[in-house]
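S.K.: let me see the structure of the following:
(chains A and B)
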Amino acid sequence: MDTKVFDMNDIDIAWCPGCGNFPILKTLKRALAELQIKSTDLVLVSGIGQAAKIPHYLKANVFNGLHGRALPAATAIKAANPALTVIAESGDGDMYGEGGNHFIHTIRRNPNITNIVHNNMVYGLTKGQASPTSQKGFVTPVQVRGVFLEPFNPLAVAIALNASFVARAFAGDIDRTVDILKKAIEHKGYALVDIFQPCVTFNRINTIQWFKEHTYYLEDHDPSDRQKAFEKATETEKLPLGVFYKSPQKPAFEENVGIYEEKQIPLYERDLDKKELNNLIDTYKMRL
Amino acid sequence: MSKGLSSQNPESVSIVLCGQAGQGIQTVEHLLTRILKIAGFNVFATKEYMSRIRGGMNSTSIRISSRPVRAAVSTIDVLVPLNKGALRHVERNVSARTIILADKDMIGGDIDQTGHRFVDVPFTGTAVEIGDKIYSNVVAVGTLAGLFGVELPAAGKYIEKFFSGKSSDVVQKNLAAIKKGFAFGAELVKSTKINFAIASDAGVEDQVILDGAEAVALGAIAGGCNFIASYPMSPSTGVLAFLARHSKTFDIVAEQAEDEIAAINMALGAWYAGSRAMVTTSGGGFALMIEGVSLAGMLESPMVIHLGQRPGPATGLPTRTEQADLELALYAGHGEFPRIIFAPGTIQDAFCLTQRAFNLADKYQVPVFILTDQYLIDSYYNTAAPDLKNLKIEKHITRTKKDYKRYEFTKSGVSPRGVPGFGDGFVVVDSDEHDAEGHITEDLDLRIRIVDKRLKKGELLKKDNIPLELTGAKNYKNLIVCWGSTHNIAEEAMQKLDRDDVALLHFKQVYPLPNETAEYLQKAEKTIIVENNATSQFAKLIKLHTGIDIDRKILKYNGLSFFVEELAEKLKEALN
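M.R.: Below you'll find the model as predicted:
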C-alpha cells in the first residue's frame, strides 16, 4: 500500500519547522501502509498538545479528546468495535502526566490498542515547562532551580505492570521506528511505543545529537525475559531502544468483557433482546 | 381496624427494623416485603444507614397497605429493634401507638422501663432451638408476616427460592424458622395484642417490586444501553452492579474505571464507536466527570449520566439523601452547549426517563442527565410493570459516504452522526473548535457558525419536553411545586390535607424548563415549593426562566428525605 492513501491535502501543520513530530508522522504512515491497514477502519485517538495534533495530519477516523484522556476513549472504542485498529497517540505530558492514572490502568486492562507516546522531555505547546520525563537539572521558566523530580520511567512502569508489549524508538531513525511500530500494531494486546523526539524550540539539551549519542539498540535481547527487560529499562547512562518486553499471551480487554465470544459484530449492529428484558422484568413480579 | 392500636392511617401499617449493619436487616426487609407482596399486599420500603460496613445504626422502614403506598412516613406502628441501641436510634418517632416487638435477650433488659408498649418475642431462643441463632432474622420475618395473616405455602416457596443456593439443611431450618414466626404472629393477633385488618389487593400480583436503582438500570437496558463505565460511589453503584450482572444477556460492556474521569471518557469513546453508553455516579464523582460533560458538548456526542445525589459539599454524608446537585448538573462543563436534565419522581419515571434519555441523547447529540438521589435509589414499592409494547430504540446512526462531514451544517443544527468503520467516510471529532469535517480550526468566523449550530439544538430539543404533571384540584388556588424524588411524598402529604383548592405540580424534567411552567404558576394565588436542599435551587431556576418568585419554600437538608406527616404539617402551615 502506498503511504499516499493517508496523505491529507492542503493542511496547515501547526508544528515548528524541524519538529520531531514530522518524522513520526512519516513513520506512522509507512507502518500503516506496510501493514495494509484500511484507513476507514483506523481510529487515531489523541489528547492535547503538539503531538496530539497528529491525527489531523493523516487520513483516518479521529477522536481528538481531552488532555490526558486518550487511553480511556481508545479502550472503549476498541471494546465497542474490536474490528477497528485503534491507536492512542499523544505526547509525554499528556500520557504520563495528565493521563498518568489512565496509563497505569490501561496497561492493567490490556485493550488491543497501540499507545504511541512522543517523548521530547518537555512541554511544547505551553512553552517549555518540564514534562514528567524531563531529566534532573533541566531548567525551565517554571523549574527555575532545575528539575528535581525523579524522571518518570514509562518503560519500567509498564514492565512492572506486566504490560503486553513495551518498546522504545527514536524519531531520528525512520526505518527502525517503522519496524517497531509495525510490531506494536500487529501485537495483540496493549502495546506501548515510547518515541524519543527532539523539541527544537524548547529543549536545547535533549537534541537530535544528544539522542544519537545517548541511545543504542538492544541486541540479542529476549523480550520474554522480564527481569532483563526491567534492567534495560532502568539504564541511565545510555538509553536502549527496541522491543524491551512482551508478556506471556493474555486475553485482551475486549475479549474479557464477555460479549464477543459468540458473536463478533460491533455493538452498533446489535439490538435489544426485548424478550429477555420482558423475562427479567417478570422476575420482579415475585411470582412463584 | 385494630383493637390494640389507634391509627391515623388505617389503611397502612408502618414497620421499622433497626439494628447494626451486618445484622441482617436487609435480609429481613427483603424477605418480608417480597413475602407480603406475594401475599397480595402493597408494600413500600426505604432505608437510612450509616457509612460503614459493620456496626453503626441502620434502619429500614416498611409500609404495608391495602392501597398503593409510595412514600416515607415517620410514624412507627411496629418497631423491631435488633440490638441494644436500636430503640434509642429511632425513639423520636416512637409514640403511644407504637408496639415494640423484640427479643428481650437481644436488646437488653431495661426495655420494660422505657414506658413503651412492648411485646417480648423470643426470636433468638427459637432460632437456637432450631439450630443456630442465625435463624432469628427469619423468625422475625415470619412473626411480622404472621401479623398480616400470611401463611404457608407461598411464603415457604419464596424462602426455598431465596435460600436455594444453600444446603437443604439450611433451607429446612429457615422453613422451620418462618413457620415458628408465623405462629408467633398469629398468636399475637389472636391474643388481640395486635390486630391489623389490612386487606390484600388483587392488583398487586401482576405488579413488579423495584427500587430506584433497578428502575434506572432496567430503563437503561430498555434504552438500548450496551456500555457502562463508572467508579463505585454511593448511592449510584447499584446501577453499575445491575448492568454488570446482566451484561451477558444484554450484550453490555460493563467496566469499573480507575476514576470518574476515565469513566466518562470511556463512555464518550463508546458512543463515538456506535454503542449506547452511560455513566452512573454521585456528586463528588460527577465533579471529576465535568470536563467530559464539556467534551460531550463540543463533540456533539450523546451521553447519558445518572447522577444519584447525596449531601455535599465534598464527601458530605455519603449514605444520605439531598437534592442539592441540580445547579451542579445544570452548569457542569465549561463553555456553552445544550443539555437535558430529567428528575424522576416515581419508580415508573426512573424507568421511562432513563429509557428516553438514550433516545434523546442520540437524537440531539447532547448529554442527558437522570438526576436521582439516595432516597429514590434505595426506596422501593410495587408498581405496574413497565410496558415494552411501544418501546422503541431510536438509533440515529448514519452510514457514511466518502465525502462525509461529521459536523455538516444543517437546518436543524443536528448533523448526521456516523461511526468509524460503518461506510466509506471518516468520522473526525475534536475537542478543539473544529470545522464541518471535524478538524481543528481557528477560523473565528467559522467559530460563530458552529457555536450557533450547537446552541440551535437547545431550542430544537424543547419539542421533546416532558409535559408537567398536575395532580389535585384543577382549579387550584394554592400550588405546591416539587421536582424529582419528592413527588410521592408531596402527593401523599397533599392528600392528607384534604383540601379542594390545592394542586401539586411536579417537574420530572427540570431542564429545559417546560414551556408551560409560567402559565401553571401564574394561575395560583400562592405557590409553595418543596425541596430537599437548603437554598431552593429549583425555585432559583424557575425565577431565572420565568421571572416568577415562589411564595413559600419548604426545605429540608438534614440528610433525610421528607416524611409524609412532616411535610403535611409544613404545608398546612404554609397554606394558612
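S.K.: measure residue B:377 to chain A for me?
M.R.: As judged by CB to the nearest CB, to the nearest Å, residue B:377 and chain A stand 16 Å apart. From N, CA and C alone the C-beta is placed, and that goes for glycine too.
S.K.: convert the C-alpha atoms of stretch B:125-138 to CSV, please.
M.R.: The C-alpha trace of stretch B:125-138 is given here as CSV (Å, rounded to 0.1, in the frame of the first residue of the first chain):
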residue,chain,number,x,y,z
GLY,B,125,-34.3,-18.6,71.7
THR,B,126,-36.5,-20.0,69.0
ALA,B,127,-33.7,-19.8,66.5
VAL,B,128,-31.3,-21.6,68.8
GLU,B,129,-33.9,-24.3,69.3
ILE,B,130,-34.0,-24.7,65.5
GLY,B,131,-30.3,-25.0,65.3
ASP,B,132,-28.5,-21.6,65.3
LYS,B,133,-29.2,-18.1,66.3
ILE,B,134,-28.6,-17.0,62.7
TYR,B,135,-32.2,-18.1,62.0
SER,B,136,-33.6,-15.4,64.4
ASN,B,137,-34.0,-13.0,61.4
VAL,B,138,-36.3,-15.4,59.6
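S.K.: next, the buried residues of that stretch.
M.R.: B:125, B:126, B:127, B:130, B:133, B:134, B:135, B:136, B:137, B:138 (16 or more other CB atoms under 10 Å in any protein chain shown).
S.K.: ok, those vs chain A, which is closest?
M.R.: When those are compared for distance to chain A (CB to the nearest CB), residue B:138 wins out at 17.2 Å.
S.K.: what's around the closest residue to that closest one other than its chain neighbours, how many residues?
M.R.: Nearest non-adjacent residue to residue B:138, counting by CB to CB, 6 or more residues apart in numbering or on different chains: residue B:177, 3.9 Å away. Applying other CB atoms under 10 Å in any protein chain shown, we find 27 other residues in the vicinity of residue B:177.
S.K.: what about the helix or strand encompassing residue B:177, distance to the chain center?
M.R.: For residue B:177, the element it lies in under DSSP states H and E is helix B:168-190. Here helix B:168-190 is found 33 Å from its chain centre; the criterion is CA atoms, centre = their mean, to the nearest Å.
S.K.: can I get the CA coordinates of that helix in PDB?
M.R.: C-alpha atoms of helix B:168-190 as PDB (Å, rounded to 0.1, in the frame of the first residue of the first chain):
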ATOM      1  CA  SER B 168     -31.100 -28.500  52.100                       C
ATOM      2  CA  ASP B 169     -30.500 -28.500  55.800                       C
ATOM      3  CA  VAL B 170     -30.200 -24.700  55.900                       C
ATOM      4  CA  VAL B 171     -33.400 -24.400  53.700                       C
ATOM      5  CA  GLN B 172     -35.300 -26.700  56.100                       C
ATOM      6  CA  LYS B 173     -34.200 -24.800  59.100                       C
ATOM      7  CA  ASN B 174     -35.200 -21.500  57.500                       C
ATOM      8  CA  LEU B 175     -38.600 -23.000  56.700                       C
ATOM      9  CA  ALA B 176     -38.900 -24.100  60.300                       C
ATOM     10  CA  ALA B 177     -38.000 -20.600  61.500                       C
ATOM     11  CA  ILE B 178     -40.500 -18.900  59.300                       C
ATOM     12  CA  LYS B 179     -43.200 -21.400  60.400                       C
ATOM     13  CA  LYS B 180     -42.400 -20.600  64.000                       C
ATOM     14  CA  GLY B 181     -42.600 -16.900  63.200                       C
ATOM     15  CA  PHE B 182     -46.000 -17.300  61.600                       C
ATOM     16  CA  ALA B 183     -47.200 -19.000  64.700                       C
ATOM     17  CA  PHE B 184     -46.000 -16.100  66.900                       C
ATOM     18  CA  GLY B 185     -47.600 -13.600  64.600                       C
ATOM     19  CA  ALA B 186     -50.900 -15.500  64.600                       C
ATOM     20  CA  GLU B 187     -50.800 -15.800  68.300                       C
ATOM     21  CA  LEU B 188     -50.300 -12.000  68.700                       C
ATOM     22  CA  VAL B 189     -53.300 -11.400  66.500                       C
ATOM     23  CA  LYS B 190     -55.400 -13.900  68.400                       C
END
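S.K.: who does it touch, helix- and strand-wise?
M.R.: If contacts are counted by 3 or more CB pairs under 8 Å, 6 or more residues apart in numbering or on different chains; DSSP states H and E, helix B:168-190 sits against helix B:123-130, helix B:136-146, helix B:154-162.
S.K.: residues in contact with the residue of the stretch 201-350 of chain B found nearest chain A?
M.R.: Chain A sits closest to residue B:274 of the stretch 201-350 of chain B, with a gap of 2.8 Å, by CB to the nearest CB. Residue B:274 is in contact with A:80, A:81, A:266, A:267, A:268, B:397, B:419, B:422, counting by CB atoms under 8 Å, 6 or more residues apart in numbering or on different chains.
S.K.: again, but for residue B:427
M.R.: A:61, A:62, B:272, B:400, B:404, B:406, B:418, B:419, B:420, B:438.
S.K.: number of nearby residues for residue 155?
M.R.: Picking chain A for this. For residue A:155, using other CB under 10 Å, the count is 22.
S.K.: try again with chain B
M.R.: 27.
S.K.: run a quick neighbour tally on the spatially closest residue to residue A:285 that is not a sequence neighbour.
M.R.: Leaving out its chain neighbours, the residue that sits closest to residue A:285 by CB to CB, 6+ apart is residue B:208, at 5.4 Å. By other CB under 10 Å, 23 other residues sit near residue B:208.
S.K.: over to the one 4 residues further on?
M.R.: As a burial measure, residue B:212 scores 29 neighbours (other CB under 10 Å).
S.K.: measure it to residue B:308 for me?
M.R.: Here the criterion is CB to CB, to the nearest Å. By it, residue B:212 lies 8 Å from residue B:308.
S.K.: joint contacts of those two?
M.R.: Counting by CB under 8 Å, 6+ apart, the contacts common to residue B:212 and residue B:308 are B:372, B:377.
S.K.: how long is stretch B:389-408 end to end?
M.R.: For stretch B:389-408, the first and last residues are 36 Å from each other (CA to CA, to the nearest Å).
S.K.: that one close to chain A?
M.R.: Yes - part of stretch B:389-408 sits near chain A under the criterion CB under 8 Å from any CB of the partner chain, namely B:391, B:393, B:395, B:397.
S.K.: bridging residues for the last one?
M.R.: According to DSSP bridges, residue B:417 are recorded as the beta-bridge partners of residue B:397.
S.K.: which ones are touching residue B:327?
M.R.: By CB under 8 Å, 6+ apart, the contact set of residue B:327 is B:537, B:540, B:541.
S.K.: the first one - nearest residue in space that isn't next to it in sequence?
M.R.: Meaning residue B:537. Residue B:537's closest residue in space is residue B:326 (CB to CB, 6+ apart), at 4.4 Å.
S.K.: got the contact list for the one you found?
M.R.: With CB under 8 Å, 6+ apart, residue B:326 has these contacts: B:341, B:343, B:371, B:483, B:510, B:533, B:537, B:538, B:541.
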